[in-house]
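In: Build me a model from this:
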Amino acid sequence: MLHLSVVPHVASEVFLAGCVRSLAAMVLLLGIRDSISRSSSPLPWLWAWLWALLVTASCSLALGTLAPLPILVGLVGFRWTEGRPVLSSPTWGALGFRWGARLGVLATSCYLVALTAGSIRLAGLWAVPWRPRVLVVVAGWVLAALVGNQPITCLLDSLTGPSADGGLEIGEYQRKTSAMVGRMERTLVFLFVLSGWFDGIGYLLAAKSVLRFSDIRQRQELHYTECVIAGTFASFAWAFGIVRLTQLMLPLS
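Out: Below you'll find the model as predicted:
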């Protein structure tokens, strides 16, 4: 561990970089946790504590501090957010509250770090410039490709559920394949924008339109067509927004 005593404006810049890295670490781990959870029920208490410990330790490492109070707050807070059954339901309210609670716990921990740290302790792990950038990029991909399934699923459920006009039957197999296709297309959009090849988005959209045309023509349902268009545009917009956010965060890491 490398200890640095710095002047206030430099300390704020170093602390901001630590906050960006800790946010990336949280998104990376909790995004993976949400993606591998196969049911809407919460993880068993032991796994919930394990994930809370893993996320808290990673954020502490990203911040470069070992202050006990922020770590304790983060551990208890993340355990609470991961153990609430209401936060696991696939609704807009649960989705917003779940990620809002996670960000709130992280923000509280970071604030306590700023209050309790007498000097900024910068971990030697982040002294190499490309390492924090890799962390931010990977976290951005997780947020775009994996976590993106959550808001897109909420959107499609609101269109295809019983409250929708006439309803729409979608089988479990089709849901899984659509989720997989969504992850792949958002991954490609993320890579295209990150590399600056915006033409690739047009090719991807054209390819998906051609592949979906026969399915839409066979079903001949206006509601189904609208759901496909809405899901595609929402998926592309989510990936584009996240990759632009990732590009803004890279210089701060």
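In: low pLDDT regions in the stretch 1-150 of the chain?
Out: By pLDDT under 70, the weakly predicted segments of the stretch 1-150 of the chain are 1-11, 37-44, 83-90, 116-125.
In: And the helices in it?
Out: With helices called from DSSP state H, counting those that start in this stretch, the stretch 1-150 of the chain shows them at 8-36, 45-63, 68-82, 92-116, 130-141, 149-160.
In: what separates the fourth one from the chain centre, distance-wise?
Out: Okay, so that is helix 92-116. Distance of helix 92-116 from the chain centroid (Cα atoms, centre = their mean, to the nearest Å) equals 14 Å.
In: Which positions in that helix come out as buried?
Out: Across helix 92-116, burial judged by 16 or more other Cβ atoms under 10 Å covers 94-95, 97-99, 101-102, 105-106, 109-110, 112-114. From N, CA and C alone the C-beta is placed, and that goes for glycine too.
In: Reformat these as JSON lines; add distance to residue 177.
Out: Converted to JSON lines, those look like this (distance: Cβ to Cβ, whole Å):
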{"residue": "94", "distance to residue 177": "24"}
{"residue": "95", "distance to residue 177": "22"}
{"residue": "97", "distance to residue 177": "29"}
{"residue": "98", "distance to residue 177": "26"}
{"residue": "99", "distance to residue 177": "26"}
{"residue": "101", "distance to residue 177": "31"}
{"residue": "102", "distance to residue 177": "29"}
{"residue": "105", "distance to residue 177": "35"}
{"residue": "106", "distance to residue 177": "34"}
{"residue": "109", "distance to residue 177": "39"}
{"residue": "110", "distance to residue 177": "40"}
{"residue": "112", "distance to residue 177": "45"}
{"residue": "113", "distance to residue 177": "44"}
{"residue": "114", "distance to residue 177": "46"}
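In: Include distance to residue 184 when you put the helices of the stretch 1-150 of the chain into CSV, please.
Out: Shown next, in CSV, are the helices of the stretch 1-150 of the chain (distance: least, Cβ to Cβ, whole Å):
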stretch, distance to residue 184
helix 8-36, 14
helix 45-63, 26
helix 68-82, 28
helix 92-116, 22
helix 130-141, 12
helix 149-160, 11
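In: which stretch among those comes nearest residue 201?
Out: Nearest of the helices of the stretch 1-150 of the chain to residue 201, taken as Cβ to Cβ: helix 130-141 at 16.0 Å.
In: any idea how far residue 142 is from residue 46?
Out: As defined by Cβ to Cβ, to the nearest Å, residue 142 lies at a distance of 24 Å from residue 46.
In: When the two are compared, which one has more neighbours?
Out: residue 142 (21 against 8; other Cβ atoms under 10 Å).
In: can I assume the more buried one is in contact with residue 24?
Out: No - Residue 142 lies out of contact with residue 24 (Cβ atoms under 8 Å); the separation is 9.1 Å.
In: Now do the domain split for the chain, please.
Out: The chain breaks down into these domains under automatic domain parsing: 2-127, 145-249.
In: Now do the nearest residue to residue 104 once chain neighbours are set aside against residue 19, distance only.
Out: Computed as Cβ to Cβ, 6 or more residues apart in numbering, the closest residue to residue 104 that is not its neighbour in sequence is residue 77, at 7.7 Å. Computed as Cβ to Cβ, the residue 77 to residue 19 distance reads 16 Å.
In: now do residue 179
Out: Distance of residue 179 to residue 19, computed by Cβ to Cβ: 31 Å.
In: How about residue 143?
Out: As judged by Cβ to Cβ, residue 143 and residue 19 stand 16 Å apart.
In: sorry, back to before: between residue 179 and residue 19, which has more neighbouring residues?
Out: Taking neighbours as other Cβ under 10 Å, residue 179 and residue 19 compare with residue 19 leading, 22 against 17.
In: Strands along the stretch 101-250 of the chain, start to end?
Out: For the stretch 101-250 of the chain, the strands defined by DSSP state E, counting those that start in this stretch cover 121-122.
In: Buried residues, stretch 128-140. List them.
Out: Neighbour-count burial for stretch 128-140 flags 132-133, 135-140 (criterion: 16+ other Cβ under 10 Å).
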